[in-house]
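Visitor: Here is a sequence with its predicted model. Questions after.
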Amino acid sequence: MKRSARALSLLSISAVILAGCWDYRELNELSLAMAMGVDKTDAGGYRVAMQVVNPKEAAGRNVAGSGVPVVVFTGTGQTMFEAIRNVTLKGSRRINLQHLRDLVIGEELARGGVKELFDLLERDHESRLTTRVYIAKGSDSEQVLKILTPLDQIPANAILGKIKLSERVLGENYEVDLASAIHGIYRKNGGFAISGLKIMGDADIGENRSNLQQTDSLTKITVAGMALFHNGKLTGWLYGKDARGLSWTNNKLKSTVVNLECAGNPGNIAIETYHSKTKKKARIRNGKPMIEIDIRQTGKVGEADCPVDLTKSAEIRKLEKLWEKVTKLEVEKAIEKVQHMGSDALEFGETVQRDEPKLWKKIEDKWSMIFPEVQVVVRAETSILRTGMRTKPSMSSK
Amino acid sequence: MEKAKISPGQLAALIFLFEMGTALVVSLGLKAEKDAWLAILLGLAGGMGLFGVYVSLYRQFPDHPLTSYVRIILGRWIGWPLGLLYVLFFIYGAARDLRDGADLLISSVLDQTPMIAVSSIMILTTGYVLHKGIEVLARTAQIYFAVLIILGVLSNFLLAVSGVIDIDRLLPVLEKGWSPVIRTTLTQSFEFPFAEMICFTMLLPYLNRPAKGIKLGMMTLLAGGLVLSFSSAMDIAVLGVDIAGRATFPLLMAVSLVNIKEFIQRMDVLVVMTLIIGDFFKVAVFYYAAVQGATDIFRIRDHRRLVYPIGLIILFISAIIAANFSEHIEEGNFALMTVFLLFGVVIPIVLWGAAWIRKALRQSP
């Protein structure tokens, strides 16, 4: 009797424990948010847009359906949390943030300051610090999220793919995740840079499936420039070569193409960077901080549109010197521009703090004033390792 | 006391898991900001000395647990009540760690689950193991020691491969001088987890080869402290001192940054397992110390009779100890400087002194 009573109680306890998770959520009750956009409302609150996967359409397998692969829901609220919860007024499934890939911030909100933005994303147990951050240049983030993209079904993946590719081969942008955004944005008198996204074409057309049904989509999302922040507020944009100079300074450059003039001849030589590494060091000169930047890069000749004899190592050495000069000039120009904008996106503050902590303690509070005046020395060391599949350019044979 | 023996290797595994316990996952030493790892190393140095005191007491009374040699050293009238206080202290320690584990689990993964569900499952499992005896706990420790090492090596490897470690974030060392480091050592990283090692004074009499066990135990303590220090430095190198300092659960945050080619990611489960394993052993050792102490001072023949009643007490104390997580942490910081300091450091040193005087007096006439 006693034995069976014991067995029975054991069984009933197991039934409770083995039944599994208390707060389980089945997949068919969830919406996976892939990208989130945040904008400011007129009332001073937030408008949050969620790009969620439409599982039937995104599944692929030749079910060329008539629907769209993602759906965008929006919600507004005084706090981010409220805004996200208000999204449920429109969607029928609970939104799950665990797979959030991209966070897009509207330019207007970014100009007003984003310091209030990140607490929720840091505090919430679902969201992750690996989410990538972007600024929607010249538009609301909501519009960016609504554009449908060819090739990659889910726009959130397309955006991430673009930024990664651009970082890897062009170097004018680099991906920024929440963790590093939080460092930069909350640093006192600190600056920071975040990649921009821009809508090209009519945003309303981009929402339609018809946007995908032509070879040249009418509306596209492009990666555009780097947004500079100072004390958590957007202060300006860097584009093209200047943005590349920023990547160089921050050791984010992986590969790029640099055009060199062909000595004495018309035409260009394009150098492909294989590898680039930048080191920043702070020194004290006359009681003031000074930054030394050392760039080391290797590359190969990618294209030579002028008659230059690449079989001679003396020519290669000349090209190396030229490449050094071009790099140095480009980086210097970018630094000057960033200093002029007053945003320490170059992380000079951190460098001084790390290398000269005593000096930093004295100038920490005045850093915003000191930063634009900081003297910078750029040094580049380059080597060209190969010339590709040909030696002499086709142009040299007469 | 049970009729049981544990081997030096088993003791070492228990010490290691106990030391990792909750210390590995919470923000240990982060009040010293970038120099958290230094504060832990200083704490470790203190902890080694303190463990020396425990060992010296054990050498004088190799067959008695703490609660019984206090009676020998201080006499029945002071020793018995002090033993009772120690039992209460162990119960409190177990309850704190149970609460730590449950609260961290809930805030990180099980956000809708009531705490009592998580805590009671944890205490039931520990209770079951302790009911089977110290040998079973020790053997379990050997298995989980290996599991924990694998988890640790794997997490660190993944972090390294993801390229998120930035050693520069640890620089400059001693930016604000020694004083915050020393303050943190004294108020936190010495007591937690090193002064908590007092629990082991209740376990040492079970050692089958004392000399080797003590030596191995000391080495494990050292290794564990180094691991804690390393892991705290790693948290900062990955997250930066600002995010790590704000996080309730820095290790989880750090490992969640693992992302290899958008494919190997969301490795958080490694940390959650670490938390559960560590917390299990921390609760279990405190819990066993309490059971053992109560068995000893109330002269109960079989320790098993006390396992479930004490477990129930621990469970309820863990629930009523604080109204919310902030209060729990605040109270913890206060307790470290008072309760843990008194029971883990002051009283053992006094006992050690008294035992030494007693020995001297006995030899002189």
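Guide: Okay, I see it. Residues are numbered from 1 along each chain as shown, chains lettered A, B, ... in the order given.
Visitor: now the end-to-end length of stretch A:16-25.
Guide: Stretch A:16-25 has its terminal residues 18 Å apart, counting by Cα to Cα, to the nearest Å.
Visitor: Buried residues in the longest helix belonging to chain B, which are they?
Guide: Identified as the longest helix of chain B according to DSSP state H is helix B:210-246. Judged by neighbour count (16 or more other Cβ atoms under 10 Å in any protein chain shown), helix B:210-246 contains these buried residues: B:210, B:213-214, B:216-218, B:220-221, B:224-225, B:227-229, B:231-246. Using the backbone N, CA and C atoms, a C-beta is placed for each residue, glycine as well.
Visitor: filter those residues by proximity to chain A?
Guide: Counting by Cβ under 8 Å from any Cβ of the partner chain, B:239-240, B:242-243, B:246 from those sit close to chain A.
Visitor: Residue B:69 - how many residues pack around it?
Guide: Residue B:69: 22 surrounding residues under other Cβ atoms under 10 Å in any protein chain shown.
Visitor: secondary structure class for it?
Guide: Three-state call for residue B:69 (DSSP: H, G, I helix; E, B strand; the rest coil): helix.
Visitor: So for stretch A:235-245, what gets flagged as buried?
Guide: Buried-residue list, stretch A:235-245, by 16+ other Cβ under 10 Å: A:235-238, A:242-245.
Visitor: Let's see which of those residues end up in strands.
Guide: A:235-238 (DSSP state E).
Visitor: So the following helix or strand past the longest helix of chain B, near chain A or not?
Guide: Counting by DSSP states H and E, the element after helix B:210-246 in chain order, helix or strand, is helix B:250-256. Yes - Helix B:250-256 comes into contact with chain A (Cβ under 8 Å from any Cβ), by way of B:253, B:256.
Visitor: Now do the contacts for the closest residue to residue B:303 other than its chain neighbours.
Guide: Counting by Cβ to Cβ, 6 or more residues apart in numbering or on different chains, residue B:303 lies nearest to residue B:295, which is 4.4 Å off, once chain neighbours are set aside. Applying Cβ atoms under 8 Å, 6 or more residues apart in numbering or on different chains to residue B:295 gives the contacts B:1, B:302-303, B:306.
Visitor: measure stretch B:300-308 end to end?
Guide: 14 Å.
Visitor: what comes up buried for that stretch?
Guide: For stretch B:300-308, by 16+ other Cβ under 10 Å, it's B:303, B:306-308.
Visitor: and residue 47, how many residues sit next to it?
Guide: Using chain A here. 22.
Visitor: Not quite, go with chain B.
Guide: 25.
Visitor: Residue B:197 contacts residue B:47, correct?
Guide: Yes - counting by Cβ atoms under 8 Å, residue B:197 touches residue B:47, with 6.8 Å between them.
Visitor: what touches both of those two?
Guide: residue B:221.
Visitor: Dump the ones in strands among the buried residues of stretch A:235-245 to CSV, plus distance to residue A:130.
Guide: Listed next are those as CSV, based on distance: Cβ to Cβ, whole Å:
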residue, distance to residue A:130
A:235, 27
A:236, 27
A:237, 25
A:238, 25
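Visitor: Widest-spaced pair of those?
Guide: Maximum pairwise distance in these, criterion Cβ to Cβ, is 10.7 Å, between A:235 and A:238.
Visitor: where do the contact lists of the two overlap?
Guide: Contacts common to residue A:235 and residue A:238, judged by Cβ under 8 Å, 6+ apart, are residue A:228.
Visitor: sorry, back to before: sort out which one of the contacts of residue B:295 lies nearest residue B:41 for me.
Guide: Closest approach between the contacts of residue B:295 and residue B:41, by Cβ to Cβ: residue B:1, at 35.8 Å.
Visitor: Look at that closest one and give its secondary structure.
Guide: Strictly by three-state DSSP, residue B:1 counts as coil.
Visitor: Confirm for me that it is in contact with residue B:292.
Guide: Yes - Residue B:1 lies in contact with residue B:292 (Cβ under 8 Å); the separation is 7.3 Å.
Visitor: Would you mind listing what in the stretch 1-150 of chain B touches chain A?
Guide: B:107-114, B:117, B:121.
Visitor: do the stretch 201-350 of chain B as well
Guide: Residues of the stretch 201-350 of chain B lying near chain A (Cβ under 8 Å from any Cβ): B:239-240, B:242-243, B:246, B:253, B:256-257, B:259, B:262, B:265-266.
Visitor: Local confidence estimate at the residue in the stretch 51-200 of chain B that chain A sits nearest to?
Guide: Residue nearest to chain A within the stretch 51-200 of chain B (Cβ to the nearest Cβ): residue B:112, separated by 3.4 Å. Each residue has a pLDDT score; the one for residue B:112 is 81.
Visitor: rewinding a little: residue A:116: which of the residues of the stretch 201-350 of chain B next to chain A is nearest?
Guide: Looking across those and measuring by Cβ to Cβ, the closest to residue A:116 is residue B:246, at 15.1 Å.
Visitor: contacting residues around that closest one?
Guide: Counted by Cβ under 8 Å, 6+ apart, residue B:246 has contacts residue A:122.
Visitor: And the one 10 residues further on, by the same measure?
Guide: Applying Cβ under 8 Å, 6+ apart to residue B:256 gives the contacts A:128-130, B:266-268.
Visitor: I'd like the distance between the residue of the stretch 201-350 of chain A found nearest chain B and residue B:68.
Guide: Residue nearest to chain B within the stretch 201-350 of chain A (Cβ to the nearest Cβ): residue A:350, separated by 7.7 Å. Residue A:350 is 57 Å from residue B:68, where distance means Cβ to Cβ, to the nearest Å.
Visitor: The residue in chain A positioned nearest to chain B: what secondary structure?
Guide: Residue nearest to chain B within chain A: residue A:23 (3.4 Å; Cβ to the nearest Cβ). What three-state DSSP gives for residue A:23 is coil.
Visitor: Next, the residue lying closest to it once chain neighbours are set aside: phi, psi?
Guide: Leaving aside its sequence neighbours, residue A:23 sits nearest to residue B:112 (Cβ to Cβ, 6+ apart; 3.4 Å). Main-chain torsions, residue B:112, degrees, to the nearest 10: phi -100, psi 0.
Visitor: What number of residues are in the vicinity of residue B:112?
Guide: 10.
Visitor: the domain parsing of chain A - what is it?
Guide: Following automatic domain parsing, one finds the domains of chain A at A:26-238, A:241-398.
Visitor: Make TSV out of these and add mean pLDDT.
Guide: Formatted as TSV, these follow (pLDDT from 0 to 100):
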stretch	mean pLDDT
domain A:26-238	86
domain A:241-398	87
